[in-house]
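Novice: please find the sequence and the predicted model below.
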Amino acid sequence: MRGYIARRVAAFVATLFFVSGLVFVVVRVLPGDPALVIIGPEGSPEAAARLREALGLNRPILVQYTEWLGRALRGDLGVSLQYDVPVGRLILSRLPVTLPLTVMAALLMLTAALPLGLYAARRHRRAGDYLAMVVSQIGIAIPGFWAGLLLILLFSVHLGWVQSGGFAGWSGGLWPGVRSLLLPAIALGFFQTAVLVRATRSSVLDVLREDYVRTSRAKGVSELSVIAKHTLRNAMIPIVTVAGLQLGQLMAGAIILESVFALPGLGRLALGAITARDLPVVQGVTLFVASTIVLINFVVDLLYVVLDPRIRYE
Amino acid sequence: MRHLATLLLVAVTLLPLAAPPIAAAAETLVMQVATEPPGLDLTATPASATAGVVFYNVQEGLVKVDRHGKIVPWLAERWNTSDNKNYTFFLKRGVRFHNGRELKAADVKFVFDRALNPETKHPAVKQYEVIGDIIVKDDYTITFALKTTTANFLLTMARQGSVIYPREAVDTLKSEPIGTGPYKVAEWVRGDRIVLAKNSDYHVKGLPKMDRVTYRFIPDPNAALAALKAGDVDATMFGLGPEHIPDLQKDSRFQVIIGETTNDVIMSMNNSKKPFSDARVRRAITYGINKPDVVKGAMFGLGRVIGTNVDPLNPYFVDMSGAMPYDPAKAKKLLAEAGYPNGFETVLKVAPQYYYTVRTGEVLADQLQKVGMKVKIEQIEWGQWLSRVWKDADYDLTIIGHAEAWDIGNYANPKYYFRYDSAEFQKLFQESEITVDDKARRELYVKMQKKLVEDAPVVWLYIHPRLAVTKKGLQGLWKDLPAGAGVNDLSEVAWAK
């Protein structure tokens, strides 16, 4: 196990190194010049050229990358071209929005999808199953941004229960912050819930057909025990795999939803940085998101061992 | 089935039964803006998103373009010039920066010395290069000795890059600019909002009327509309499209302000590239476009058709919208004369960041098809548009709005992305820059506009209107925006009592 963890840590570092290099090259070879975007068409190309020189963007990419990497290893991700604030501080300032948002969406996804998927599998080819499938089909068909707008229309414009957007912050207590993230979390989690319902249903159905389930039922084991002990645990490996991937997708989905709900989160920071060619921010956010996704995958791999003792990492 | 219904019911009940939306107090204003400023330093970026917050509200110049488009004294209470080469400004006494220090002539000298210093990288440094010497006569008197007579010098002093700030605040210009304006920057929560607070020591008595102004960044127009309707913002300034206006005009909770701007939306043709290097082709394209239909189709009828560069808020505006009216037969004839009897294929590059460019492009492509042209629309991202179209002129056709006021000089610059190179026009422009007599200068402007219509380097389509929507009762907003399409003076804005 220790050897496995050491290998995973090495792979983690290699992944980050690869991702940082790739992003560095990609954002610099893409058409579009940060200096031009900052100066804009109201300025002159000469002013943009002077700014480009000042930003050090005329130097070879390798020189720029080595310099960035050296600083990044010392914990300095550079300074945002747009905001004139250290990138690390900028990322940290956005986490109190994006982290709770994705956690709330993930909780919604897990608490809604697991019971619904299980319910659908238990009611296979009956009304409840069909209804659950129709609902999940709708969830898959409705894009997150559209679901977000519909939720705003209903709960903010018509009912006036919650603000249409913006983030209340955590300084005023837990509830105002949670309330401002509720609609975006629902919109963000809806699609993923729908996907996970189907994955759960399908996985549970497979297990329900197994001989050991039939045997335990024949032995007179209670239905609750059959489901909880024999079925669910065996069905969990594919479900956890899908859920792990979905956690990564939630972070990607946050980019759109944070724009629709005007939330100052990491996704909107990334989107704005790409549009503004704020290279240090693009680089920093990508690195952060990549690290998070690699960590999630690592946790999922460890969960396999917990769920199925037959799995061993040597 | 019953279990499922219960589950759904619980889910719905869990949704917050929260407090009603917060109503705006009389002395605060929450405004939606679509774009967050790329820094707040007017001496580092010419971005209109920066000007929209900082210019006039936080920082001001010696003179100001007022709501009628007239240059009026501001931090300078008056000025004089005997020869149009030496301008002396007499500063208003008792004007204080937000840090409490009084504005003195030495501050003005510092600002323009700094603008001229290549190290500063001021984006509009070219405008100041005409300044030969800056002489501080006393604490309240300063003279600018120009190298040559410059008719537009006062306009230069009224532009956003000419704001006056204290020398001790240079390092914080980008994030916490200090000036003499009616509001101070209180807070900038990156990605979310900028809050301005009242400057109680403002040099114009009785102003500002608001205690607090919050700019909320809501990029999505539908989200902006929802925020307005839900009462979360009091006003939207540049966030809504024309399609939202008819519905809001019928809603008794809101007032819709439709005004003129300096933002002329044009379809530029690459004058250095065949077939657009042939004036007959450019004229044919102009004749092939039905501009009133473009405004109807792309802008819901909101927007004023124009025929040349100078906008209606400019004192030298001449209505040339009818100079080259829609005439498809003439367009075909001109194309045939130029050697394209069957038209040709071309690419129109647009940046969807500006919604009107795509919509306008679609209408234009359809109209030009009728005169034999096959226009393929290529949507490119804004950063690419700036690099490929604006900087490298790697394009055939493109559409964009030029928001800056007094920008006819772009046509006198053969390196500008139009690549329009007319010695005659350049001569007229140079002459206009040194002609101080208003009547003579107006004549030159009329000549320039006629020359532009004749050469048709671009197709001037329409003025993008100011479309602001506010809650009923908000007063004092500028209807027209003559100081630049993004400039939004909030000093006189107040709620009706």
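Specialist: Perfect, I can see it now.

Novice: pull the helix or strand with minimum mean pLDDT from chain B.
Specialist: Ranked by mean pLDDT, DSSP states H and E, the weakest helix or strand in chain B is helix B:2-14, scoring a mean of 42.

Novice: and residue B:258, which of the three is it?
Specialist: Here residue B:258 is recorded as strand under DSSP: H, G, I helix; E, B strand; the rest coil.

Novice: if I look at the closest residue to it other than its chain neighbours, how far off is residue B:265?
Specialist: Among residues not flanking residue B:258 along the chain, residue B:465 sits closest, at 5.4 Å (Cβ to Cβ, 6 or more residues apart in numbering or on different chains). Where you see a C-beta, it was placed from the backbone N, CA and C, and this is true even at glycine. Residue B:465 sits 10 Å away from residue B:265, going by Cβ to Cβ, to the nearest Å.

Novice: what about the residue in the stretch 351-497 of chain B that chain A sits nearest to, how many residues nearby?
Specialist: The nearest approach of the stretch 351-497 of chain B to chain A comes at residue B:383, 2.8 Å away (Cβ to the nearest Cβ). Neighbour count of residue B:383, defined by other Cβ atoms under 10 Å in any protein chain shown: 21.

Novice: surely it is within a strand?
Specialist: No: using three-state DSSP, the secondary structure at residue B:383 is helix, not a strand.

Novice: now do the contacts for the residue lying closest to it once chain neighbours are set aside.
Specialist: In space, and not counting its chain neighbours, residue B:383 is closest to residue A:32: 2.8 Å by Cβ to Cβ, 6+ apart. Residues in contact with residue A:32 (Cβ atoms under 8 Å, 6 or more residues apart in numbering or on different chains) are A:277, B:381, B:382, B:383, B:384, B:386, B:387.

Novice: my read: the fifth one touches residue A:37, true?
Specialist: This points to residue B:384. No: counting by Cβ atoms under 8 Å, residue B:384 stays clear of residue A:37, with 10.1 Å between them.

Novice: looking at the two, which one has more neighbours?
Specialist: Neighbours per residue, other Cβ under 10 Å: of residue B:384 and residue A:37, the larger number sits with residue A:37, 22 against 17.

Novice: ok, now how distant is that one from residue B:386?
Specialist: 6 Å.

Novice: shouldn't residue B:195 be within a helix?
Specialist: No: counting by three-state DSSP, residue B:195 is located in no helix; its state is strand.

Novice: and it, bridged to which residues?
Specialist: For residue B:195, the beta-bridge partners are residue B:187, residue B:214 (DSSP bridges).

Novice: who are the contact partners of it?
Specialist: B:185, B:186, B:187, B:188, B:212, B:213, B:214, B:215.

Novice: just the buried members of these?
Specialist: Buried by 16 or more other Cβ atoms under 10 Å in any protein chain shown: B:185, B:188, B:212, B:213, B:214, B:215, out of the contacts of residue B:195.

Novice: SS state for residue B:239?
Specialist: Residue B:239 - assigned by three-state DSSP - is coil.

Novice: and the next helix or strand past the least confident helix or strand of chain B?
Specialist: strand B:28-33 (DSSP states H and E).

Novice: what's in contact with that next one?
Specialist: B:24, B:49, B:52-53, B:210-218, B:224, B:227-228, B:232-239, B:474, B:490, B:493.

Novice: and if you look at stretch B:246-255?
Specialist: In contact with stretch B:246-255 (Cβ under 8 Å, 6+ apart) are residues B:228, B:240, B:256, B:300, B:469, B:470, B:471, B:472, B:474.

Novice: and the residues you listed, which are buried?
Specialist: B:228, B:240, B:256, B:469, B:470, B:471, B:474.

Novice: which one of those sits closest to residue B:62?
Specialist: Distance ranking of these against residue B:62, using Cβ to Cβ, places residue B:474 first at 29.8 Å.

Novice: got the contact list for whichever residue of the stretch 151-300 of chain A sits closest to chain B?
Specialist: Nearest to chain B, among the residues of the stretch 151-300 of chain A, is residue A:264, at 3.5 Å (Cβ to the nearest Cβ). If you count contacts by Cβ under 8 Å, 6+ apart, residue A:264 has them with A:93, A:94, A:97, A:167, A:258, B:189, B:190, B:191, B:192.

Novice: could the residues you listed go into a markdown table alongside distance to residue B:146?
Specialist: What follows is those, written out as a markdown table (distance: Cβ to Cβ, whole Å):
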| residue | distance to residue B:146 |
| --- | --- |
| A:93 | 46 |
| A:94 | 48 |
| A:97 | 51 |
| A:167 | 51 |
| A:258 | 50 |
| B:189 | 43 |
| B:190 | 40 |
| B:191 | 43 |
| B:192 | 44 |
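
Novice: quick one: which of those residues is nearest residue B:159?
Specialist: Distances from residue B:159 to the contacts of residue A:264, taken by Cβ to Cβ, are shortest for residue B:190, at 26.9 Å.

Novice: quick one: the closest one and residue A:246, what's the gap?
Specialist: Going from residue B:190 to residue A:246 by Cβ to Cβ gives 29 Å.

Novice: ok so, going back, of residue B:465 and residue B:265, who's got more company?
Specialist: Legend: neighbour count by other Cβ under 10 Å for residue B:465 and residue B:265, higher for residue B:265 (25 against 22).

Novice: isn't that one right next to residue B:399, touching?
Specialist: Yes: contact criterion Cβ under 8 Å: residue B:265 and residue B:399 qualify, at 6.8 Å.

Novice: mutual contacts of the two, please.
Specialist: Common contacts of residue B:265 and residue B:399, defined by Cβ under 8 Å, 6+ apart, comprise B:356, B:357, B:360, B:461.

Novice: so residue B:446 is in contact with residue B:318, correct?
Specialist: Yes: with contact defined as Cβ under 8 Å, residue B:446 counts as touching residue B:318 (5.6 Å).

Novice: who has more neighbours out of the two?
Specialist: residue B:318 (18 against 15).

Novice: return the per-residue confidence for the more buried one.
Specialist: As predicted, residue B:318 sits at a pLDDT of 93.

Novice: that one belongs to a strand, doesn't it?
Specialist: No: read with three-state DSSP, residue B:318 is coil and lies in no strand.

Novice: in chain A, which spans are helices?
Specialist: A:2-29, A:34-39, A:45-54, A:61-73, A:87-122, A:127-141, A:144-151, A:174-208, A:211-218, A:223-225, A:233-260, A:266-275, A:279-307 (DSSP state H).

Novice: now these in CSV, with distance to chain B and mean pLDDT?
Specialist: Below are the helices of chain A laid out as CSV (distance: least, Cβ to the nearest Cβ, whole Å; pLDDT from 0 to 100):
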stretch, distance to chain B, mean pLDDT
helix A:2-29, 10, 84
helix A:34-39, 4, 80
helix A:45-54, 4, 80
helix A:61-73, 17, 89
helix A:87-122, 6, 90
helix A:127-141, 5, 87
helix A:144-151, 6, 89
helix A:174-208, 5, 90
helix A:211-218, 21, 87
helix A:223-225, 14, 83
helix A:233-260, 5, 84
helix A:266-275, 6, 88
helix A:279-307, 10, 86
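
Novice: closest one to residue B:366 among the ones you listed?
Specialist: Here helix A:144-151 is closest among these (Cβ to Cβ), at 28.1 Å.

Novice: output the contacting helices and strands for the closest one.
Specialist: Other helices and strands packing on helix A:144-151, by 3 or more Cβ pairs under 8 Å, 6 or more residues apart in numbering or on different chains; DSSP states H and E, are helix A:174-208, helix A:233-260, helix B:221-229.
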